[in-house]
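# Quick one: sequence and predicted model below, then my questions.
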Amino acid sequence: MLTVEIVNKWMELFYEKISEKKAYLSELDTPIGDGDHGNNMMRGMQGVKDGLEKLENPDLKETFKAIAMALISKVGGAAGPLYGTAFLEMAKNCEESQAPADLFRYALDGIKKRGGASVGDKTLVDVWTPVVDNLGKDELVVEVVQKAAEGTKNLVAKKGRASYLGERSAGHLDPGAVSSCYLFESFIEAGG
Ligand code: ADP
Ligand code: MG
Ligand code: MG
(Lines give C-alpha, C1' and ligand atoms only; values in the text may rest on other atoms or scores of the structure.)
(Ligands and ions follow the chains in the order given, each with its own letter.)
Protein backbone atom coordinates (compact mmCIF):
# COMPACT_ATOMS: atom_id res chain seq x y z
CA MET A 1 0.00 0.00 0.00
CA LEU A 2 1.36 3.39 -0.91
CA THR A 3 1.98 5.85 1.91
CA VAL A 4 3.26 9.43 1.94
CA GLU A 5 6.55 8.10 3.29
CA ILE A 6 7.00 5.56 0.50
CA VAL A 7 6.07 8.07 -2.21
CA ASN A 8 8.58 10.60 -0.84
CA LYS A 9 11.32 7.96 -0.78
CA TRP A 10 10.30 6.89 -4.31
CA MET A 11 10.62 10.45 -5.62
CA GLU A 12 13.96 10.94 -3.85
CA LEU A 13 15.36 7.82 -5.53
CA PHE A 14 13.90 8.80 -8.90
CA TYR A 15 15.46 12.26 -8.58
CA GLU A 16 18.86 10.63 -7.96
CA LYS A 17 18.46 8.24 -10.87
CA ILE A 18 17.48 11.05 -13.26
CA SER A 19 20.47 13.12 -12.05
CA GLU A 20 22.75 10.17 -12.78
CA LYS A 21 21.21 9.32 -16.16
CA LYS A 22 20.31 12.76 -17.47
CA ALA A 23 22.98 12.79 -20.19
CA TYR A 24 22.20 9.22 -21.23
CA LEU A 25 18.45 9.95 -21.56
CA SER A 26 19.14 12.98 -23.76
CA GLU A 27 21.58 10.87 -25.78
CA LEU A 28 18.82 8.28 -26.37
CA ASP A 29 16.53 11.11 -27.50
CA THR A 30 19.09 12.38 -30.05
CA PRO A 31 18.82 9.90 -32.97
CA ILE A 32 15.02 9.56 -32.74
CA GLY A 33 13.97 12.86 -31.16
CA ASP A 34 15.31 16.28 -30.25
CA GLY A 35 17.87 15.32 -27.61
CA ASP A 36 16.18 16.89 -24.59
CA HIS A 37 14.52 14.07 -22.64
CA GLY A 38 17.14 13.91 -19.87
CA ASN A 39 17.11 17.66 -19.40
CA ASN A 40 13.32 17.72 -19.42
CA MET A 41 13.09 15.03 -16.74
CA MET A 42 15.81 16.66 -14.62
CA ARG A 43 13.95 19.98 -14.66
CA GLY A 44 10.79 18.14 -13.71
CA MET A 45 12.35 16.23 -10.85
CA GLN A 46 13.99 19.36 -9.47
CA GLY A 47 10.47 20.83 -9.49
CA VAL A 48 9.10 17.73 -7.74
CA LYS A 49 11.79 17.92 -5.05
CA ASP A 50 11.12 21.63 -4.44
CA GLY A 51 7.36 21.10 -4.50
CA LEU A 52 7.42 18.23 -1.99
CA GLU A 53 9.74 20.10 0.36
CA LYS A 54 7.22 22.95 0.55
CA LEU A 55 4.36 20.75 1.76
CA GLU A 56 3.54 20.61 5.46
CA ASN A 57 2.10 17.33 6.69
CA PRO A 58 0.57 16.41 3.33
CA ASP A 59 -1.71 13.45 2.83
CA LEU A 60 -1.27 11.05 -0.10
CA LYS A 61 -3.59 13.02 -2.38
CA GLU A 62 -1.74 16.32 -1.79
CA THR A 63 1.57 14.53 -2.32
CA PHE A 64 0.53 13.08 -5.69
CA LYS A 65 -0.99 16.41 -6.71
CA ALA A 66 2.23 18.32 -5.96
CA ILE A 67 4.21 15.79 -8.02
CA ALA A 68 1.76 16.05 -10.92
CA MET A 69 1.79 19.86 -10.91
CA ALA A 70 5.59 20.02 -10.88
CA LEU A 71 5.88 17.54 -13.75
CA ILE A 72 3.24 19.28 -15.85
CA SER A 73 4.75 22.72 -15.34
CA LYS A 74 8.47 21.82 -15.53
CA VAL A 75 9.10 18.82 -17.81
CA GLY A 76 7.52 20.28 -20.92
CA GLY A 77 7.55 18.48 -24.27
CA ALA A 78 5.47 15.37 -24.78
CA ALA A 79 6.60 13.65 -21.60
CA GLY A 80 5.54 16.40 -19.15
CA PRO A 81 1.78 16.22 -19.67
CA LEU A 82 1.95 12.41 -19.82
CA TYR A 83 3.86 11.89 -16.58
CA GLY A 84 1.81 14.70 -15.04
CA THR A 85 -1.45 13.02 -16.03
CA ALA A 86 -0.24 9.75 -14.51
CA PHE A 87 0.28 11.36 -11.09
CA LEU A 88 -2.89 13.41 -11.35
CA GLU A 89 -4.87 10.20 -11.88
CA MET A 90 -3.18 8.72 -8.80
CA ALA A 91 -4.17 11.85 -6.82
CA LYS A 92 -7.77 11.52 -8.00
CA ASN A 93 -8.06 7.86 -7.08
CA CYS A 94 -5.90 7.37 -3.99
CA GLU A 95 -8.73 7.83 -1.52
CA GLU A 96 -10.49 4.83 -2.99
CA SER A 97 -7.40 2.56 -3.07
CA GLN A 98 -3.76 2.85 -2.08
CA ALA A 99 -2.75 -0.32 -3.91
CA PRO A 100 -0.10 0.31 -6.59
CA ALA A 101 -1.85 -2.16 -8.91
CA ASP A 102 -5.00 0.02 -8.87
CA LEU A 103 -3.30 3.41 -8.89
CA PHE A 104 -0.89 2.57 -11.72
CA ARG A 105 -3.82 1.21 -13.75
CA TYR A 106 -5.61 4.57 -13.43
CA ALA A 107 -2.35 6.32 -14.31
CA LEU A 108 -1.81 4.18 -17.40
CA ASP A 109 -5.39 4.74 -18.56
CA GLY A 110 -4.77 8.48 -18.21
CA ILE A 111 -1.52 8.32 -20.20
CA LYS A 112 -3.23 6.37 -23.00
CA LYS A 113 -6.19 8.72 -23.10
CA ARG A 114 -3.97 11.78 -23.16
CA GLY A 115 -1.38 10.59 -25.70
CA GLY A 116 -3.41 8.11 -27.72
CA ALA A 117 -0.61 5.51 -27.70
CA SER A 118 -1.16 1.75 -27.49
CA VAL A 119 1.20 -1.10 -26.66
CA GLY A 120 3.80 -1.51 -29.41
CA ASP A 121 3.90 2.18 -30.41
CA LYS A 122 7.38 2.58 -28.86
CA THR A 123 6.47 4.91 -26.00
CA LEU A 124 6.42 4.82 -22.22
CA VAL A 125 3.13 2.89 -22.52
CA ASP A 126 5.30 -0.14 -23.42
CA VAL A 127 6.78 -0.05 -19.92
CA TRP A 128 3.72 1.02 -17.93
CA THR A 129 1.53 -1.74 -19.42
CA PRO A 130 3.61 -4.79 -18.39
CA VAL A 131 4.20 -3.16 -14.99
CA VAL A 132 0.46 -2.80 -14.40
CA ASP A 133 -0.25 -6.31 -15.72
CA ASN A 134 2.47 -7.78 -13.52
CA LEU A 135 1.37 -5.92 -10.38
CA GLY A 136 -2.08 -7.44 -10.83
CA LYS A 137 -0.59 -10.93 -10.48
CA ASP A 138 2.71 -10.80 -8.66
CA GLU A 139 5.23 -8.66 -6.91
CA LEU A 140 7.00 -6.36 -9.35
CA VAL A 141 10.66 -7.15 -10.02
CA VAL A 142 13.28 -5.08 -11.84
CA GLU A 143 13.75 -7.71 -14.55
CA VAL A 144 10.19 -7.19 -15.78
CA VAL A 145 10.68 -3.44 -15.96
CA GLN A 146 14.07 -3.58 -17.67
CA LYS A 147 12.94 -6.17 -20.19
CA ALA A 148 9.98 -3.96 -21.09
CA ALA A 149 12.21 -0.94 -21.72
CA GLU A 150 14.67 -3.02 -23.78
CA GLY A 151 11.72 -4.33 -25.79
CA THR A 152 11.16 -0.87 -27.27
CA LYS A 153 14.47 -1.08 -29.14
CA ASN A 154 13.21 -3.02 -32.13
CA LEU A 155 9.83 -1.33 -32.38
CA VAL A 156 8.87 1.21 -35.03
CA ALA A 157 7.55 4.39 -33.39
CA LYS A 158 3.90 5.25 -34.02
CA LYS A 159 3.58 8.23 -31.65
CA GLY A 160 5.66 11.25 -30.70
CA ARG A 161 8.68 12.71 -32.47
CA ALA A 162 10.28 9.33 -33.14
CA SER A 163 7.31 8.43 -35.37
CA TYR A 164 8.47 11.06 -37.90
CA LEU A 165 11.37 8.69 -38.68
CA GLY A 166 9.10 5.77 -39.53
CA GLU A 167 11.07 2.53 -40.00
CA ARG A 168 14.33 4.32 -39.16
CA SER A 169 13.17 4.66 -35.55
CA ALA A 170 13.78 0.91 -35.09
CA GLY A 171 17.08 -0.09 -33.49
CA HIS A 172 16.95 2.62 -30.80
CA LEU A 173 15.59 2.45 -27.27
CA ASP A 174 12.69 4.80 -26.56
CA PRO A 175 13.88 7.48 -24.11
CA GLY A 176 10.52 7.77 -22.35
CA ALA A 177 10.39 4.00 -21.86
CA VAL A 178 13.85 4.15 -20.28
CA SER A 179 12.90 7.01 -17.93
CA SER A 180 9.78 5.03 -16.95
CA CYS A 181 12.06 2.06 -16.28
CA TYR A 182 13.98 4.27 -13.81
CA LEU A 183 10.68 5.39 -12.28
CA PHE A 184 9.68 1.79 -11.53
CA GLU A 185 13.16 0.71 -10.44
CA SER A 186 13.00 3.57 -7.93
CA PHE A 187 9.52 2.45 -6.90
CA ILE A 188 10.79 -1.07 -6.19
CA GLU A 189 13.82 0.27 -4.29
CA ALA A 190 11.55 2.50 -2.20
CA GLY A 191 9.74 -0.61 -1.03
CA GLY A 192 6.50 0.23 -2.86
P1 ADP B 1 9.58 15.77 -26.79
O2 ADP B 1 9.46 14.61 -27.72
O3 ADP B 1 8.45 16.71 -26.89
O4 ADP B 1 10.94 16.43 -26.87
P5 ADP B 1 10.49 14.27 -24.50
O6 ADP B 1 11.75 14.10 -25.26
O7 ADP B 1 10.65 14.80 -23.11
O8 ADP B 1 9.46 15.16 -25.29
O9 ADP B 1 9.76 12.87 -24.35
C10 ADP B 1 9.75 11.94 -25.39
C11 ADP B 1 9.08 10.66 -24.90
O12 ADP B 1 7.70 10.86 -24.69
C13 ADP B 1 9.15 9.53 -25.91
O14 ADP B 1 10.36 8.80 -25.79
C15 ADP B 1 7.93 8.68 -25.60
O16 ADP B 1 8.21 7.67 -24.64
C17 ADP B 1 6.98 9.67 -24.96
N18 ADP B 1 5.87 9.99 -25.84
C19 ADP B 1 5.85 10.88 -26.86
N20 ADP B 1 4.63 10.95 -27.41
C21 ADP B 1 3.85 10.06 -26.72
C22 ADP B 1 2.47 9.66 -26.79
N23 ADP B 1 1.63 10.19 -27.68
N24 ADP B 1 2.03 8.74 -25.90
C25 ADP B 1 2.87 8.20 -24.97
N26 ADP B 1 4.17 8.54 -24.86
C27 ADP B 1 4.64 9.45 -25.72
MG1 MG C 1 12.66 15.19 -26.76
MG1 MG D 1 11.49 18.49 -26.89
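Structure received. Ligands and ions are numbered 1, 2, ... in the order given.
# Please count neighbours and contacts with C-alpha atoms only from this point.
OK.
# Counting by contacts, list what the lowest-mean-pLDDT helix or strand in the chain packs against.
Least confident helix or strand, the chain: helix 125-137 with a mean of 95, by mean pLDDT, DSSP states H and E. On a contact count with 3 or more C-alpha pairs under 8 Å, 6 or more residues apart in numbering; DSSP states H and E, helix 125-137 meets helix 100-115, helix 142-150, helix 175-189.
# Buried residues in the first one, which are they?
Which is helix 100-115. 100-112, 115 (16 or more other C-alpha atoms under 10 Å).
# Other residues contacting that helix?
Outside helix 100-115, the residues that touch it by C-alpha atoms under 8 Å, 6 or more residues apart in numbering are 1-2, 82-83, 85-90, 93-94, 97, 118, 125, 128-129, 132, 135-136, 192.
# show me what contacts the nearest residue to residue 155 once chain neighbours are set aside?
Distance criterion C-alpha to C-alpha, 6 or more residues apart in numbering; nearest residue to residue 155, sequence neighbours excluded, is residue 170 at 5.3 Å. The contact partners of residue 170, by C-alpha under 8 Å, 6+ apart, come to 153-157.
# And those, which is closest to ligand 2?
residue 157 (13.7 Å; C-alpha to the ion).
# From what I see, the closest one and residue 171 are in contact.
No - counting by C-alpha atoms under 8 Å, residue 171 is not a contact partner of residue 157; they are 10.5 Å apart.
# Of those two, give the one with the bigger neighbour count.
Ranked by neighbour count (other C-alpha atoms under 10 Å), residue 157 and residue 171 place residue 157 first, with 25 against 13.
# Now the more buried one: phi and psi?
Main-chain torsions, residue 157, degrees, to the nearest 10: phi -70, psi 140.
# same deal with residue 47?
According to degrees, to the nearest 10, residue 47 has phi -60, psi -40.
# what residues does this protein put near ligand 2?
34, 36-37 (C-alpha under 5 Å from the ion).
# Hey, what's the angle from the longest helix anywhere in the chain to helix 175-189? Just curious.
The single longest helix within the chain, with elements called by DSSP state H, is helix 4-32. Here helix 4-32 runs at an angle of 160 degrees relative to helix 175-189 (axes from the mean of the first three to the mean of the last three C-alpha atoms, to 10 degrees).
# How far away from the center of its chain is helix 4-32?
Taking C-alpha atoms, centre = their mean, to the nearest Å, one finds helix 4-32 lying 9 Å from the centre of the chain it belongs to.
# and it, what's its mean pLDDT?
Helix 4-32 carries an average pLDDT of 98.
# Just the buried residues of it, please?
Applying 16+ other C-alpha under 10 Å to helix 4-32 flags 4, 6-15, 17-19, 21-29, 32 as buried.
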